[in-house]
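> Just need the structure, nothing else, for what follows:
(2 chains)
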2 protein chains.
Amino acid sequence: MGALREVLSEARRLVEPGPEERARVGSAASRLLEACGERFRRVGEVVDVSLEGSVAKDTWIRGRPEVDVFVHLRPEVPEARLEELVITGGREVLEGLGGRSWLRYASHPYIEGELDGVRVNIVGCFSVPEGAWKSAVDRTPYHTRHIKSVLGSELRTEVRLLKGFLIGVGVYGAEIRVEGFSGYLSELLTASYGGFEQLIRAASGWRPPVTIDMSGRHAREAMIQMFPNSGLVVIDPVDPGRNVASAVSLTSLSEFILASKLFLRRPSLEYFKPSPVTKRAGDQRQLLGLFFRLHENLVPDILWGELKRTMRGVARRLESEGFRVYRAAASQSGGGALILLELDRLELPRYELRRGPPVWMEKALDFVDKALARETTGAGPWVDGERLYALVRRDTTRAKELVEKWFRGRQVAVSRHLASDRASLEVLTPEEGLLEKLESDLSLAVFKDRFLAGLSAAIRLGEPDD
Amino acid sequence: MGALREVLSEARRLVEPGPEERARVGSAASRLLEACGERFRRVGEVVDVSLEGSVAKDTWIRGRPEVDVFVHLRPEVPEARLEELVITGGREVLEGLGGRSWLRYASHPYIEGELDGVRVNIVGCFSVPEGAWKSAVDRTPYHTRHIKSVLGSELRTEVRLLKGFLIGVGVYGAEIRVEGFSGYLSELLTASYGGFEQLIRAASGWRPPVTIDMSGRHAREAMIQMFPNSGLVVIDPVDPGRNVASAVSLTSLSEFILASKLFLRRPSLEYFKPSPVTKRAGDQRQLLGLFFRLHENLVPDILWGELKRTMRGVARRLESEGFRVYRAAASQSGGGALILLELDRLELPRYELRRGPPVWMEKALDFVDKALARETTGAGPWVDGERLYALVRRDTTRAKELVEKWFRGRQVAVSRHLASDRASLEVLTPEEGLLEKLESDLSLAVFKDRFLAGLSAAIRLGEPDD
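Now for the predicted structure:
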């Protein structure tokens, strides 16, 4: 117990921004808010300009401040006008302040930029009453208000602790790449349990589905029925029809549960640092790498959505063909993307078993006729139990060739942007230099090492084993 | 339809014994019956001596007569006395007639022999009223009487047709090697359907479980409940608590159903002849042969029971280890026995996937600890969905070595006589000369060719395809 308290107070020092950072961020935030106020308040459609996000809520983690300024427009303003106004105005403001800016897309376009070394966003939203949401970000000002009202200064530090832990465990962020815990979700969880330690003590005993409703108005069963595919349901205090944790995958939730158990058993500051790379041997590992060259600059969530969909499609097809897919992961580097799979083997048996119908079925004789007519029938048909079987010779047995064939023939669920220029797919196995190619790129080399180790980020190997 | 009638009348000529055979068998039967009468009627415990079996019922198939003489003893006679009496007396009788004799075992020992080129059996039974059975063969005289009462001369020919068809299709005989249709069952089925054609027309539409009760006293559901593991239930008219078809495996029943369908679609005399051997290529087939040397002369049903049990045990173990067992068959030749298996591959992947518990279970941390401590862990533990997984390196990957290891360590369900002298097991793959070894023995060579072809005996490839 002493160890836990000690680790937590050290961790608080790690995640809490220092006075210099607070001053720098505070000044950037006020300058941006003021400049935006001046630029946008003169526009007729604008109702308000406000500071949002982790800086507004004072919950950002040391070294990761993000200043969000929201421009609130009358709800009757057309979407296109909102976009145009925010993009043009946002750029002007940042230029005027001597910062940099660029265009980003989420549910709609917004301006991202940098000011005095601080990441800033200028986002347009509609000024609507609670529940009458017009765009996905209209809830944000309500979220900010809610969090400010429930988090005192001590709990704000606890939020930072949780975010640091989630980052260390690799499950911080609601983006598709991570499928983890958003900042707002971290704040709600901390508020709900009254602190980091209380939360992870609870989480170490969680069994999904986990349901949390701070209002106490929803019964557990009703929440599970409302969100049947969610391992974690946290009702949005600002919008009771919404699950704040809808982006959290079962895997990410489970990583968090496991990390909570492991951390409580042996508390360590390591959990608040990036997990070290463990090296494990790659020989005799049956790896298959799919390299895609991307010819378009995709919004990360779209790229990652497609990568993961394609990864699942390829894995499913390989499984149905007779391979076992032990693991699959995706990565991105420069203008390329990569799906890495580990299989039980890279080559299928030459003969596969075809299970026919029971002999008493009408179509039993069809199976016999077809098997006898087929040139690739290696044995059978024979009868075992009530069924017919035959052994059929496969044309293609190598996973690499099969995947290439499926992509050529569009016989696998591949997402649009990855399939558009199909010639840009390269499939490699260790025999064709897969590992060497991964090692030639620094970020892919780290990805490869992590993949080979296959170690949950929740597991800290660095600790002394006592 | 014309083709069917024509084939059937030709087939009747094939299966019907000619006058010379009838005369020879008739004379052998009367000589044996008379001699047994003289030898046994003077013994106080003997009540009767009778002619049984297919010759008594006039249902033997051409070239396959079997003369069974039963010696009926008072039920109070001890089993040991019955055995001693029949063995000593039976030998004397056959020697006196100039025939040959040897000892055989079924449920109890009996004398088998040869007289004038005819196979004969001298069997002891207890003379008991219906239902008060003391030994397994006590029902036989009642069976003979029943069949004689229901089969006229035309139906006796139909029985011969059915037996010929069952032999051709490889499912004649209730012994464990065949798991097929006994002579008595063939007679009951023919009587029940009123002829061969009527029976196979019905059988071509059978869907197991099939239930037949000539008395009409048992409801289908009751019969299925009484014999839940039987694909075919035929109530014994002589003993309503007994299923005459209990020896018929689902595979044999299904072969018969399939053969009925195929024969009706394209009638051919081929079905009444042994199935020809089809040759198919053995290259790239993943075969594993287990050769046992036998140091004891085993009763066939015991040997075959052990062989099949061992075959299933080895197949199950291979499957649980990660192989797919496509097919398995056993054979016997000289003083040896053989189990032949066809697998998807002869070598397992070096790494196997270990599925751990869900992270929310108490024992999740144990799985993590053990996986990290194990030297053979190649990757993991990682989290996927709610579960933990790890990749573990296998020590032994070759099927041959695994089987040898299991036999050495008795880690597989092996039957007593096959395991007794474990050093006599030899495991071969094609690499170690399996096919050559099989070819060096004529009967094993045929077995090998049949195994490689893997063709149901119900399928006649020889026919013209029109």
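> Over to the residue in the stretch 301-450 of chain A positioned nearest to chain B. Which of the three states is it?
Residue nearest to chain B within the stretch 301-450 of chain A (Cβ to the nearest Cβ): A:Ala379, separated by 3.2 Å. (Glycine included, C-beta is placed from N, CA and C.) Following DSSP: H, G, I helix; E, B strand; the rest coil, the label given to A:Ala379 is strand.
> Correct me if wrong: it contacts A:Ala371.
No. Counting by Cβ atoms under 8 Å, A:Ala379 stays clear of A:Ala371, with 9.5 Å between them.
> Give me the common contacts of those two.
A:Ala390 (Cβ atoms under 8 Å, 6 or more residues apart in numbering or on different chains).
> These two - which one has more neighbours?
Higher neighbour count among A:Ala379 and A:Ala371: A:Ala379, with 26 against 23, using other Cβ atoms under 10 Å in any protein chain shown.
> On the strand side of things, show who the more buried one bridges to.
As for beta bridges, A:Ala379 partners with A:Leu391 under DSSP bridges.
> And the helices in the stretch 1-150 of chain A?
A:2-15, A:19-41, A:53-57, A:79-96, A:140-150 (DSSP state H, counting those that start in this stretch).
> What residues sit buried inside the last one?
When you say that, I think you mean helix A:140-150. Neighbour counts over helix A:140-150 (16 or more other Cβ atoms under 10 Å in any protein chain shown) mark A:Thr140, A:Pro141, A:Tyr142, A:His143, A:Thr144, A:His146, A:Ile147 as buried.
> average model confidence for stretch A:348-364?
Averaged over stretch A:348-364, pLDDT sits at 95.
> Need the CA coordinates for it. CSV is fine.
Coordinates of each C-alpha in stretch A:348-364 appear next as CSV, following Å, rounded to 0.1, in the frame of the first residue of the first chain:
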residue,chain,number,x,y,z
LEU,A,348,-1.6,-24.8,-46.8
PRO,A,349,-1.6,-28.6,-47.2
ARG,A,350,-1.8,-29.6,-50.9
TYR,A,351,-5.0,-31.5,-50.2
GLU,A,352,-8.1,-30.1,-48.5
LEU,A,353,-11.0,-32.0,-47.1
ARG,A,354,-14.4,-31.3,-48.7
ARG,A,355,-17.3,-32.2,-46.5
GLY,A,356,-20.2,-33.3,-48.5
PRO,A,357,-23.9,-33.8,-47.6
PRO,A,358,-25.3,-36.7,-45.6
VAL,A,359,-26.0,-39.6,-47.9
TRP,A,360,-29.7,-39.4,-47.2
MET,A,361,-30.0,-35.9,-48.8
GLU,A,362,-31.2,-35.4,-52.3
LYS,A,363,-28.0,-33.8,-53.3
ALA,A,364,-25.7,-36.6,-52.2
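> Out of the helices and strands in chain A, which is least certain?
When each helix and strand of chain A is scored by mean pLDDT, DSSP states H and E, helix A:416-419 comes last, with a mean of 68.
> Which SSE is immediately downstream of that one?
Using DSSP states H and E, the helix or strand that follows helix A:416-419 in sequence is strand A:425-428.
> give me the number of residues near the residue lying closest to A:Gly378 once chain neighbours are set aside?
Leaving aside its chain neighbours, A:Gly378 sits nearest to A:Leu391 (4.4 Å; criterion: Cβ to Cβ, 6 or more residues apart in numbering or on different chains). Other residues lying near A:Leu391 total 26 when counted by other Cβ under 10 Å.
> Tell me which residues touch A:Leu391, please.
A:Tyr351, A:Glu352, A:Leu353, A:Arg354, A:Thr377, A:Gly378, A:Ala379, A:Gly380, B:Tyr326, B:Glu342, B:Gly454.
> Next: A:Arg450.
Applying Cβ under 8 Å, 6+ apart to A:Arg450 gives the contacts A:Val277.
> With A:Ala136 instead?
A:Ala106, A:Ser107.
> what's the pLDDT at it?
pLDDT recorded at A:Ala136 is 88.
> Now do the nearest residue to A:Glu179 once chain neighbours are set aside against B:Leu343, distance only.
Distances taken as Cβ to Cβ, 6+ apart place A:Ser249 nearest to A:Glu179, at 3.8 Å, with adjacent residues excluded. Distance of A:Ser249 to B:Leu343, given as Cβ to Cβ, to the nearest Å: 37 Å.
> Also A:Asp301?
Counting by Cβ to Cβ - A:Asp301 and B:Leu343 are separated by 46 Å.
> Now do the same contact list for A:Leu452.
Counted by Cβ under 8 Å, 6+ apart, A:Leu452 has contacts A:Lys279, A:Arg280, A:Ala281, A:Gly282, A:Arg285, B:Ala379.
> Run a quick neighbour tally on the nearest residue to A:Glu10 once chain neighbours are set aside.
Nearest non-adjacent residue to A:Glu10, counting by Cβ to Cβ, 6+ apart: A:Leu269, 5.5 Å away. Neighbour count of A:Leu269, defined by other Cβ under 10 Å: 17.
> OK, contacts around A:Leu269?
With contacts defined as Cβ under 8 Å, 6+ apart, A:Leu269 is in contact with A:Val7, A:Glu10, A:Ala11, A:Leu14.
> Could you rerun that using 6 Å?
Neighbour list for A:Leu269: A:Val7, A:Glu10, A:Ala11 [criterion: Cβ atoms under 6 Å, 6 or more residues apart in numbering or on different chains].
> Contact residues of chain A facing chain B?
A:207, A:250-251, A:254-255, A:257-258, A:261, A:284, A:326, A:344-345, A:349-350, A:353, A:359-360, A:365, A:379-380, A:382-386, A:454, A:456 (Cβ under 6 Å from any Cβ of the partner chain).
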